[in-house]
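K.L.:
Whatever this is, show me its structure:
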Amino acid sequence: MTREFPLEKVRNIGIAAHIDAGKTTLTERILFYTGKVHRMGEVHEGSTVMDWMEQERERGITIMSAATTCEWGDHRINIIDTPGHVDFTVEVERSLRVLDGLVAVFCGVGGVEPQSETVWRQADRYQIPRLAFVNKMDRVGSNFENAVRMMHERLGANAVPIVLPMGSGDSFEGVIDLISMKAIYYDEEELGATFRETDIPARELARAATARDTLMHALADLDDKVMHHVVHGSAVTVEEICAAIRKGTIGSKIVPVLGGSAFKNKGVQKVLDAVVAYLPSPSDIPAEKGINPYTEKEEERPPMDDAPFAAYVFKVQTDKYVGRLHYVRVYSGSMRAGSQVINASSDRKERVSRFLRMHANKREDINEIFTGDIVAVVGLKSAHTGDTLCDAKHLIQFESMRFPDPVIWVSIEPKTKADGEKMMNALVQLAGEDPSFRMKIDADTGQTIISGMGELHLEILVERMFREFDVAAKVGRPQVAYKETITLPTRAEGKFIRQSGGRGHFGVVTLELEPAPGKGFTFENRIKNGVVPKHFIPYVEGGVRESMVSGPLGGYPVVDVTVALVDGAYHEVDSTDIAFRAAASMAFAEGVRHGSPVLLEPIMDLEVVLPIEYVGEVINDINMRRGKVEGMFHRSNAQVITARAPLSDMFGYSTSLRSLTQGRAVYTMQFSHYDRVPPELITEKLGHLTGLA
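P.N.:
The predicted structure is shown next:
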């Protein structure tokens, strides 16, 4: 079997944006115009193809990234539609890890919104080339030029329009192609599937000429041929312009900006043209680098079908008909169904029984996969998100992903004994799918605790447990994931000595603890003259890590501390790893108690968009929640308040904001950092005051 499309004709792209910017609507139009579906789905009707989960259709938001494949001209486009809500940022993160290009969608009214910035920073981290699409130009208050300006100011992007919308709001009628310098009007009776090109209307000529001049000067900085034409005033061909845009986009030196209205079916085909023309194919991407787990040397896999097979697992999902699906991106080589691979991350052999090309929740069996493919694999037993699958004779392990720690948790308990077993099975499966979802059994209370990235995140997961796994359970109130740290350097000794005839246990360690705000945990070995033998050092660090799980104030994890092993003692016969682990644990606990410990709480970035007449009441409410207003500015015809507030005081904020503004305000909230709980509030937050120095 040979590949259907040459590698240079393949595009792996994501569509990402702030919530309600219209990316799922854009994806639905793309599927319609490429012939993948014959009826456009609408978010407000709950009929979209990509938002197929019940919760997505009920709420009108994307919760789980969905993959699909379509064809435009002689190109294949693999698309991942990602969530816009901040609670599901991990879905965006793991999609961006394997994509070659991104279409970032911006609301023509809101411009660059908080989650837009988050997604943009994620794409920066993976150095992903981008296109920008300013959507909703049919909305009252939309402003294309303002959205482009915000991209420059807020994102630091070299955003340059290649398409210019004609009009806005009710007067929006089509777009101007700044490369061909033609006006394009879309046939509304044909749902925008057909369009006509005409000369640019006289009223738009000056604006189009200015935008074209801006485009040419931006390209002149990137391409010598265009520079020559600009300097000498000669005509630039369309081919030369497109080649310069492609070069600048793939090099992440320029972000081409398009505009239109996905809902009104205007401007979407231009996005598809731009994806094919300017975003990279897998062959344009540098070889993926990894580590050979046996030699520990860096190797790479070039994007070629005849290279050794290597693929990356970026998502795990449970399908009620097929079982567990592992979504993979193939970076090199090819493989037939039924073949055996090595999971380099766990050093286990796996047999792949089936390959599925996914279209949201629908499946198409394929017999072989090739470089650049994004497919679902059936048959893997022990693979997880971030694992590398490779040829047994050519091992390589790609860099895994790092996921943020949860900031909120709830207790959950089954209503009956029968529900208990089903609940644990459901939680294990959900935790396997979602790396930002954690579960544990509280050692003191025996309660099952689940934690995640926000109220909505946990609410959706609990709903899935009820609906998909038929579990009846009671859920506690949301609780904040506090942490503890020290504020003063301290020194402590720990002794674990059990000698009563025969071989005993003997271990003595002295630790120095220092605050390390925002730097996490570091362990240093400063032992001299062998007072603690080298082979016991790892057990000392292990004892420290065990003790860090529970701090003295409220039993929360201890973070941001540097621990140095500076002294100790051992016995030639009685010293054991158990003794040094226990001594280190005792020394660390003692050190934290005398290091003036403090409680840390998650602080959230808050942005509220509201009519100006409600500003006073909303600011007062933020202040009462211990929030700090950091700025205010106008956006279109609304006022925007930016603030920071502790998560513990923000529960139920949506209801309060709705009440204060008669339902006319919207807000977004995302984790910013951890900060100290004021001393006078520790009693209130913990319910008791323990161990405060």
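K.L.:
Let me know the pLDDT of S636.
P.N.:
Here, the pLDDT recorded for S636 equals 65.
K.L.:
same thing with A443?
P.N.:
Confidence score, pLDDT, at A443: 67.
K.L.:
what packs against the helix or strand where G631 lies?
P.N.:
Assigned by DSSP states H and E, G631 belongs to strand 628-635. For strand 628-635, the packing partners by 3 or more C-beta pairs under 8 Å, 6 or more residues apart in numbering; DSSP states H and E come out as helix 615-624, strand 638-646. For every residue, glycine as well, the C-beta is placed using N, CA and C.
K.L.:
ok, 10 Å please
P.N.:
With contacts defined as 3 or more C-beta pairs under 10 Å, 6 or more residues apart in numbering; DSSP states H and E, strand 628-635 has these neighbours: strand 598-610, helix 615-624, strand 638-646.
K.L.:
In terms of helices and strands, where is A209?
P.N.:
Per DSSP H and E: helix 202-220 holds A209.
K.L.:
Following element in sequence after that helix, please.
P.N.:
helix 224-232.
K.L.:
how many neighbours does D574 have?
P.N.:
For D574, the count of nearby residues is 16 (other C-beta atoms under 10 Å).
K.L.:
I'd like the next helix or strand past whatever helix or strand L102 lives in.
P.N.:
Using DSSP H and E, L102 maps to strand 101-107. Using DSSP H and E, the next helix or strand after strand 101-107 towards the C-terminus is helix 114-125.
K.L.:
strand partners of the strand holding G631, parallel vs antiparallel please.
P.N.:
strand 638-646 (antiparallel) (DSSP bridges).
K.L.:
wait, doesn't S171 sit right on D138?
P.N.:
Yes. Between S171 and D138 there is a contact under C-beta atoms under 10 Å: 9.2 Å.
K.L.:
phi, psi of P517?
P.N.:
With angles defined as degrees, to the nearest 10, P517 sits at phi -50, psi 120.
K.L.:
Then L488?
P.N.:
Dihedral angles for L488 - degrees, to the nearest 10 - are phi -130, psi 140.
K.L.:
Surely it touches R593?
P.N.:
No. The criterion here is C-beta under 10 Å, and L488 misses it with R593 at 11.4 Å.
K.L.:
out of the two, which sits in the busier spot?
P.N.:
R593 (18 against 12).
K.L.:
could you measure the more buried one against P552, distance?
P.N.:
5 Å (C-beta to C-beta, to the nearest Å).
K.L.:
now V163: how far from D221?
P.N.:
20 Å.
K.L.:
Between those two, point out the one with more neighbours.
P.N.:
Neighbour totals were compared for V163 and D221, and V163 leads with 24 against 14 (other C-beta under 10 Å).
K.L.:
Tell me which residues touch R324, please.
P.N.:
Taking C-beta atoms under 10 Å, 6 or more residues apart in numbering as the criterion, R324 is in contact with 316-318, 376-381, 383, 429, 432-433.
K.L.:
Drop anything exposed from these.
P.N.:
The neighbour count (16 or more other C-beta atoms under 10 Å) marks 316-318, 376-380, 383, 429, 432-433 as buried among the contacts of R324.
K.L.:
what's the weakest-modelled helix or strand in this structure?
P.N.:
Here the helix or strand of the chain ranked lowest by mean pLDDT, DSSP states H and E is helix 54-59, holding a mean of 49.
K.L.:
Mind giving me the packing neighbours of the next helix or strand along the chain from that helix?
P.N.:
Past helix 54-59, further along toward the C-terminus, the next helix or strand under DSSP H and E is strand 66-72. Other elements packing on strand 66-72 under the criterion 3+ C-beta pairs under 10 Å, 6+ apart are strand 10-17, helix 23-33, strand 75-81, helix 89-96, helix 268-278, strand 310-319, strand 354-359, strand 374-378.
K.L.:
could you dump the ones you listed to a markdown table with mean pLDDT?
P.N.:
Listed next are the helices and strands packed on strand 66-72 as a markdown table, based on pLDDT from 0 to 100:
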| stretch | mean pLDDT |
| --- | --- |
| strand 10-17 | 91 |
| helix 23-33 | 86 |
| strand 75-81 | 90 |
| helix 89-96 | 81 |
| helix 268-278 | 95 |
| strand 310-319 | 88 |
| strand 354-359 | 86 |
| strand 374-378 | 90 |
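K.L.:
wait, what's in contact with E421?
P.N.:
414, 471.
K.L.:
The chain should start at 388 in everything you say after this.
P.N.:
That works, and once the first residue is 388, the last one we named lands at E808.
K.L.:
How about the contacts made by the residue sitting nearest the centre point of the chain?
P.N.:
In the chain, the C-alpha closest to the average C-alpha coordinate belongs to E480, at a distance of 2.7 Å (C-alpha atoms, centre = their mean). E480 makes contact with 452, 469, 505-506, 509, 512-513, 701, 788-791, 822-823 under the criterion C-beta under 10 Å, 6+ apart.
K.L.:
What are the buried residues along stretch 901-921?
P.N.:
901-903, 908, 910, 914, 919.
K.L.:
What is the burial count for the residue nearest to R1012 when sequence neighbours are not counted?
P.N.:
With sequence-adjacent residues excluded and distances taken as C-beta to C-beta, 6 or more residues apart in numbering, R1012 is closest to D1036, at 4.0 Å. By other C-beta under 10 Å, 17 other residues sit near D1036.
K.L.:
got the phi/psi numbers for D1036?
P.N.:
The phi/psi pair for D1036 (degrees, to the nearest 10) is phi -100, psi 0.
K.L.:
what's the distance between it and T421?
P.N.:
Taking C-beta to C-beta, one finds D1036 at 48 Å from T421.
K.L.:
where in this structure is pLDDT low?
P.N.:
Applying pLDDT under 70 to the chain flags residues 388, 424-452, 471-475, 747-748, 830-832, 888-889, 1023, 1072-1080.
K.L.:
rewinding a little: compare the helices and strands packed on strand 453-459 and report which one is nearest to V499.
P.N.:
strand 397-404 (10.3 Å; C-beta to C-beta).
K.L.:
Name every strand pairing with that closest one and say which way it goes.
P.N.:
By DSSP bridges, strand 397-404 pairs with strand 462-468 (parallel), strand 488-494 (parallel).
K.L.:
Quick one: distance of that strand to the chain centre.
P.N.:
14 Å (C-alpha atoms, centre = their mean, to the nearest Å).
K.L.:
now swap in stretch 545-557 and tell me
P.N.:
Worked out by C-alpha atoms, centre = their mean, stretch 545-557 lies 28 Å from the chain centre.
K.L.:
ok, and for that stretch, which residues are buried?
P.N.:
Quick answer for stretch 545-557 (16+ other C-beta under 10 Å): 545-555.
K.L.:
Quick check: the farthest pair among the residues you listed?
P.N.:
N545 and G554 (26.2 Å).
K.L.:
For the strand holding G1018, which residues meet the burial criterion?
P.N.:
Those would be 1016, 1022, for strand 1015-1022 by 16+ other C-beta under 10 Å.
K.L.:
Residues contacting it, please?
P.N.:
Strand 1015-1022 is contacted by residues 496-500, 528, 530, 533, 537, 990, 992-996, 999, 1002, 1005-1006, 1009-1010, 1026-1032 when judged by C-beta under 10 Å, 6+ apart.
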